[in-house]
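Engineer: Okay, structure incoming, though there's no sequence with it:
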């Protein structure tokens, strides 16, 4: 399956799909030495809130939920849900372009699957550094 993109309850057109698929797959493999098979699902706040409540028992909005489905020595399989509503709001809040915030969130999900965490301040700092690194690499790749 490699990397795929889907819409759940919204109509959303992702730009640069082919470039993103190749970049995420290649960069993930360089990062952790494994192949990534991920299904990215774009959805609304309401849809992701339902997932957050049902599966994680969290009653709040979030921009991304990453579900690792299986992992071997050579491959990680996952579903990654992203709220486009949250991405748009966060882009405005952080004063960045919407597509850049979307890429940050997409890369954030892949970085979690590569083993990066974000529970402590130090982990959050490293995660942000890696997100920035991936964003810069993606900008330079096309």
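Structural biologist: Ah, there it is. Given the structure is predicted, the values throughout are model-derived calculations rather than measurements. Residues are numbered from 1 along each chain as shown.

Engineer: Pull the contacting residues for the spatially most central residue of the chain.
Structural biologist: In the chain, the residue lying closest to the centroid (Cα atoms, centre = their mean) is residue 106, at 2.5 Å. Residues near residue 106 by Cβ atoms under 8 Å, 6 or more residues apart in numbering: 20, 24, 40, 80, 82. Glycine gets a C-beta too; all of them are placed from N, C-alpha and C.

Engineer: Residue 7 too?
Structural biologist: Residue 7 touches 41-43, counting by Cβ under 8 Å, 6+ apart.

Engineer: again, but for residue 142
Structural biologist: Residue 142 touches 16, 19, counting by Cβ under 8 Å, 6+ apart.

Engineer: gap between it and residue 47?
Structural biologist: Going from residue 142 to residue 47 by Cβ to Cβ, to the nearest Å gives 30 Å.

Engineer: Off-centre distance for the longest helix anywhere in the chain?
Structural biologist: With secondary structure taken from DSSP state H, the chain has its longest helix at helix 121-140. Helix 121-140 has its C-alpha centroid displaced from the chain centroid by 12 Å (Cα atoms, centre = their mean, to the nearest Å).

Engineer: What are the buried residues along it?
Structural biologist: 127, 130-131, 134-135, 138 (16 or more other Cβ atoms under 10 Å).

Engineer: which residue ranges form the strands in this structure?
Structural biologist: Taking DSSP state E as the test, the strands found in the chain are 3-7, 35-43, 64-71, 75-83.
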